[in-house]
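Participant: 3D model of this:
(chains A and B)
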Amino acid sequence: MSRKAFQHLSDEALLKHYRETRKPAVFHLLYARHKDALYRYCVQLAPVSTEQLLRSLWQEILERPPQLDRQLLRNWLFIQVNKLLSKQACRSREVQTHHRTQQRTVLSTIQKLPAKQRNVLLLFVECRLSLAAIADIERISLKTCRELYHSAREAVETQIYGTRRKPWQIQAIEE
Amino acid sequence: MSNWERQYREEVSALASPQQLDVQILQQAKHYQHKKDIGRLLSKVSLSGTATVVLLLLVHPVQLLGALTPGRIPEGEAQAFIPAIPQWQAPVLPAIPKEDPWLPLHNQVAAGNYIALCREWRTHRKTPSGAPLPRELRRRAQKHCRILPQP
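Facilitator: I've put the predicted structure just below:
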């Protein structure tokens, strides 16, 4: 079967097929689908150790292709990356921003957000996970997750566009 | 999608997984490739080989020798075939030795018992239609048996 024949398959079907056959072509297709999203997410959270993190994530998939049990591969990948990131954060705190993100306004604004807000925002905007999945990853309630997301959005908008304009206050002109 | 989200997508599109990392991970994937099952491969090869041999044997022109219609045999070959048919002889079967019917009588005579021989001899003399006694037995009977008066 050529690579084209696999292209219509879902991530989960591809992973199942890879688990059975261990064909590099199948893995290549899976990797190509998710590599950039994972990289963009990781580089905004742990710019220094991104490559190492991704290498260990893919190594784990190669060694033991996961049993998804009706879970989406996309969700599984970001859950695993989050686990790796939290382990990494325990070992060393990365405070420096990546040189690639420094010159870009929105990216640098997102970098200034607190870690939790940044993670929630990126998981929603970049990784396109649902708020419920993000709440599971962060181990917070859905309500808190939603509040964090909205506050992160507001913070970014404020940083970029400034504070919201308030309506003119009409003062009585005293003569 | 708000303006900043659109701007974010534009900015982030420049960020892509480095090629060096891709190459490393894809190289690793090759190490986890299943090794080819030599037993299964050999079995497939032998099966297809056997099938080919059987097919060749069935289609081989040797199968058609002797199966040609007489009209299609070339002139020279036809003459070579014709004399062989009348000259055919049934294969000679090995001779199976028949059992001697007079053997029990011979044994009795050899043991000195002439009663059965004499009875046989007299019966033959009365009705000579049956098989005659062998010469040896007949001589013995003439020597030892009495000719009984007719009733």
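
Participant: Pull up the gap between residue B:91 and chain A, please.
Facilitator: 63 Å (C-beta to the nearest C-beta, to the nearest Å). Just so you know, the C-beta spots here come from the backbone N, C-alpha and C atoms, and that holds for glycine as well.

Participant: How is chain A divided into domains?
Facilitator: What automatic domain parsing lists as the domains of chain A is A:1-96, A:98-163.

Participant: residues in chain A within reach of chain B, list them.
Facilitator: A:21-24, A:27-28, A:31, A:35-36, A:38-40, A:43, A:51, A:54-55, A:58-59, A:62-63, A:100-101, A:104-107, A:109-110, A:125-126, A:156-157, A:160-161 (C-beta under 8 Å from any C-beta of the partner chain).

Participant: Can you select the buried ones from those residues in ChimeraX?
Facilitator: In ChimeraX, this line selects whichever of the residues of chain A next to chain B come out buried by 16 or more other C-beta atoms under 10 Å in any protein chain shown:
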select /A:22,23,24,27,28,31,35,38,39,40,43,51,54,58,62,101,104,106,107,109,110,125,126,156,157
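
Participant: Give the burial count for residue 87, as a bare number.
Facilitator: Using chain A. 11 (other C-beta atoms under 10 Å in any protein chain shown).

Participant: nope, chain B please
Facilitator: For residue B:87, the neighbour count with other C-beta under 10 Å is 6.

Participant: show me the contacts for it.
Facilitator: By C-beta atoms under 8 Å, 6 or more residues apart in numbering or on different chains, the contact set of residue B:87 is empty.

Participant: Show me which helix or strand of chain A is least confident by mean pLDDT.
Facilitator: helix A:99-102 (a mean of 52; mean pLDDT, DSSP states H and E).

Participant: just checking, next helix/strand downstream of that helix?
Facilitator: helix A:105-111 (DSSP states H and E).

Participant: Just the mean pLDDT for that following helix, thanks.
Facilitator: On average, the pLDDT along helix A:105-111 is 84.

Participant: Output the contacting helices and strands for that helix.
Facilitator: In terms of contacts (3 or more C-beta pairs under 8 Å, 6 or more residues apart in numbering or on different chains; DSSP states H and E), helix A:105-111 is packed against helix A:24-45, helix A:99-102, helix A:115-125, helix A:142-161, helix B:3-12.

Participant: Report the distance from that helix to the chain centre.
Facilitator: Helix A:105-111 sits 15 Å away from the centroid of its parent chain (C-alpha atoms, centre = their mean, to the nearest Å).

Participant: Can you name the residues in contact with it?
Facilitator: A:44, A:97, A:101-102, A:118, A:121-122, A:156, A:159-160, B:4, B:7-8, B:11-12.

Participant: Quick check: PyMOL command selecting the buried ones in those residues.
Facilitator: Selection command for PyMOL covering only the buried members of the contacts of helix A:105-111, criterion 16+ other C-beta under 10 Å:
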select buried, (chain A and resi 44+101+118+121+122+156+159) or (chain B and resi 4+7+8+11+12)
